[in-house]
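[1] quick one: sequence plus predicted model below, questions after.
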Amino acid sequence: ALSALSGFLVACLTHAVLAKEIHWGPPALVLALLFLAGAMPLVPRRKTMQGGEKALAAMAAAVTAFVSLAVPLELEREWMAVAWAAEVAALCWLAGRLRVDALAKLAWAVAAAVEVRLLLNPFVLTYPSGQTPVFNWILYGYGLPVLAFAAAAWFARREHTVLSEALQWAAAALAAALLALEVRHYFHPGRRDAPKVDFAELGAWVALWMALGLGLLLASRRWPLRALDWGGRLLLLAGLAVAGLGPCLAANPAWSHHPVGETPVLNTLLFVYGVPALLVLLGAA
């Protein structure tokens, strides 16, 4: 399985260096089908043959890897994390379905790669997302991994509880990053790496993070999960921290030059200070 993956990637890189335009998605899917065909006979025999479980895990891992490679190879690099997140969900589902713990361990590594790529990758700020607010690459580039991690946590909830909780936390972190980047894109379309931070932008960060925190707390009443409960609390605290350090101190219009509009009452001040105050009251209730 590792040899096939390595050879496939070497072939892709070689042709990329030679500037040859080849569609690698279909060959990746063909290889995934071949490994799937090789894995099927192992399912009923893995308990009776020596090394059967490890062989099945290798075959299943190769299937998910080739499928996850097919997507970004046919599209753009921005889809890589989406494909990896889908692979995490597939690995968790197969780990529970086939009772192969090695697949759950592999899911840990792939999920960590998704988090690093989407949360610690500075090039995310330069990925092309167009000028359209909300309905752009950020929505599905982060939204689909959030859904994939939520599904993976559901698949792993019974036999891999630690992995399930870690995936819940990961989904909450990606959701918070999604909101932050959407706000950034709205105020700086096409230039998310701009050094300027607007007064209203800070207020939008605070409002959306606190709204997400309240949503997680409400969800924890229906599903009593620690990640939902504490994730909601932490997001509320994060919103309050940004509000305290930004609009209340460093970016306070009382002593900083931030335009707030000329209309009495119904202006940026009402949004930046009033909405968080309302969310705090709702959170206290």
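    Great, that's in hand. Numbers count the residues shown, from 1 in each chain.
[2] show me the shaky parts of the protein.
    17-20, 75-78 (pLDDT under 70).
[3] can you give me the helices in the stretch 51-200 of the chain?
    Taking DSSP state H, counting those that start in this stretch, the helices of the stretch 51-200 of the chain run over residues 52-74, 80-98, 101-119, 137-155, 161-187, 199-222.
[4] single out the most deeply packed of these.
    Highest mean neighbour count among these (mean count of other CB atoms under 10 Å): helix 80-98, with a mean of 24. C-betas here are computed from N, CA, C, even on glycine.
[5] need the contact list for Glu87.
    Residues counted as contacts of Glu87 (CB atoms under 8 Å, 6 or more residues apart in numbering) are 64-65, 67-68, 110.
[6] state the distance from the residue nearest to it when sequence neighbours are not counted to Ala90.
    Here the nearest residue to Glu87 in space, its sequence neighbours aside, is Ser68; by CB to CB, 6 or more residues apart in numbering that works out to 4.0 Å. According to CB to CB, to the nearest Å, Ser68 stands 8 Å off from Ala90.
[7] swap in Phe66?
    From Phe66 to Ala90 the distance is 11 Å (CB to CB).
[8] how about Leu237?
    For Leu237, the distance to Ala90 equals 34 Å [CB to CB].
[9] what do you get for Ala4?
    For Ala4, the distance to Ala90 (CB to CB) stands at 18 Å.
[10] need phi/psi at Leu234.
    Note on Leu234: its backbone torsions stand at phi -60, psi -40 [degrees, to the nearest 10].
[11] that one: neighbour count?
    When counting by other CB atoms under 10 Å, one arrives at 17 neighbours for Leu234.
[12] dump the residue contacts of the residue nearest to it when sequence neighbours are not counted.
    Spatial nearest neighbour of Leu234, excluding adjacent residues (CB to CB, 6+ apart): Gly213 at 7.4 Å. Applying CB under 8 Å, 6+ apart, we find Gly213 in contact with 231-236, 238-239, 283.
[13] now these in CSV, with secondary structure?
    Putting the contacts of Gly213 into CSV (DSSP: H, G, I helix; E, B strand; the rest coil) gives the following:
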residue, secondary structure
Gly231, helix
Gly232, helix
Arg233, helix
Leu234, helix
Leu235, helix
Leu236, helix
Ala238, helix
Gly239, helix
Gly283, helix
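[14] Leu103 reaches Ala89, doesn't it?
    No: applying CB atoms under 8 Å as the test, Leu103 and Ala89 come out as separate, 11.6 Å apart.
[15] how far away is Gly261 from Ala194?
    Distance, Gly261 to Ala194, by CB to CB: 22 Å.
[16] let me fix that, I meant to ask about Val110.
    Using CB to CB, Val110 is found at 32 Å from Ala194.
[17] and for Val134?
    Separation of Val134 from Ala194 (CB to CB): 19 Å.
[18] ok, these two, which is more surrounded?
    Shown here are Val134 and Ala194; by other CB under 10 Å, Ala194 has more neighbours (12 against 9).
[19] what about the closest residue to that one other than its chain neighbours, how many neighbours?
    Nearest residue to Ala194, sequence neighbours excluded (CB to CB, 6+ apart): His188, at 4.5 Å. Neighbour count for His188, taken as other CB under 10 Å: 17.
[20] His188 is in contact with Val197, isn't it?
    No: the pair His188 / Val197 is not scored as a contact, 9.2 Å apart, by CB under 8 Å.
[21] name the residues that touch stretch 122-135?
    Contacting residues not belonging to stretch 122-135 are listed as 78, 117-118, 136-138, 141, 181-182, 184-186, 189-190, 192-193 [CB under 8 Å, 6+ apart].
[22] next: stretch 263-273.
    199-200, 202-203, 206-207, 247, 253, 259-261.
[23] need those residues in JSON lines with distance to Arg226, can you?
    Shown next, in JSON lines, are the contacts of stretch 263-273 (distance: CB to CB, whole Å):
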{"residue": "Phe199", "distance to Arg226": "35"}
{"residue": "Ala200", "distance to Arg226": "34"}
{"residue": "Leu202", "distance to Arg226": "30"}
{"residue": "Gly203", "distance to Arg226": "30"}
{"residue": "Val206", "distance to Arg226": "25"}
{"residue": "Ala207", "distance to Arg226": "25"}
{"residue": "Pro247", "distance to Arg226": "31"}
{"residue": "Pro253", "distance to Arg226": "39"}
{"residue": "Pro259", "distance to Arg226": "43"}
{"residue": "Val260", "distance to Arg226": "40"}
{"residue": "Gly261", "distance to Arg226": "42"}
